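Undergrad: predicted coordinates and the sequence they were generated for:
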Amino acid sequence: MSYLISLAIGTAVGLLYGVLDFRSPAPPAVALVGLLGMQLGEQLWPMGKQLFAHWFA
């Protein structure tokens with residue numbers, strides 16, 4: 001379900017960009033690398049919290 005929501009939101013943003021005649025601020029390859037970084041950060045956050053809690057417990 002989250003994939004469908006993500007696709008819908010991405011499509012809505014793309015449509016908004018098209019309506020406003022606005023070009024994406026980043027080339028597609030740069031945007032994909034940024035998304036990869038976001039995914040890595042999202043995965044590292046819980047691991048970092050757990051490690052931090054382990055150190056100070």
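TA: Cool, got the structure. Numbers count the residues shown, from 1 in each chain.

Undergrad: what's the burial count for residue 17?
TA: By other C-beta atoms under 10 Å, 13 other residues sit near residue 17. Where you see a C-beta, it was placed from the backbone N, CA and C, and this is true even at glycine.

Undergrad: does anything pack onto the helix or strand it falls within? Which helices or strands?
TA: Taking DSSP states H and E as the criterion, residue 17 maps to helix 2-19. Applying 3 or more C-beta pairs under 8 Å, 6 or more residues apart in numbering; DSSP states H and E, we find helix 2-19 packed against no helix or strand.

Undergrad: name the residues that touch that helix?
TA: Where contact means C-beta atoms under 8 Å, 6 or more residues apart in numbering, the residues beyond helix 2-19 that reach it are 23-24.

Undergrad: any idea which helix or strand comes after it?
TA: helix 28-55.

Undergrad: mean confidence score for that following helix?
TA: Averaged over helix 28-55, pLDDT sits at 84.

Undergrad: so what's the gap between that helix and the chain middle?
TA: 10 Å (C-alpha atoms, centre = their mean, to the nearest Å).
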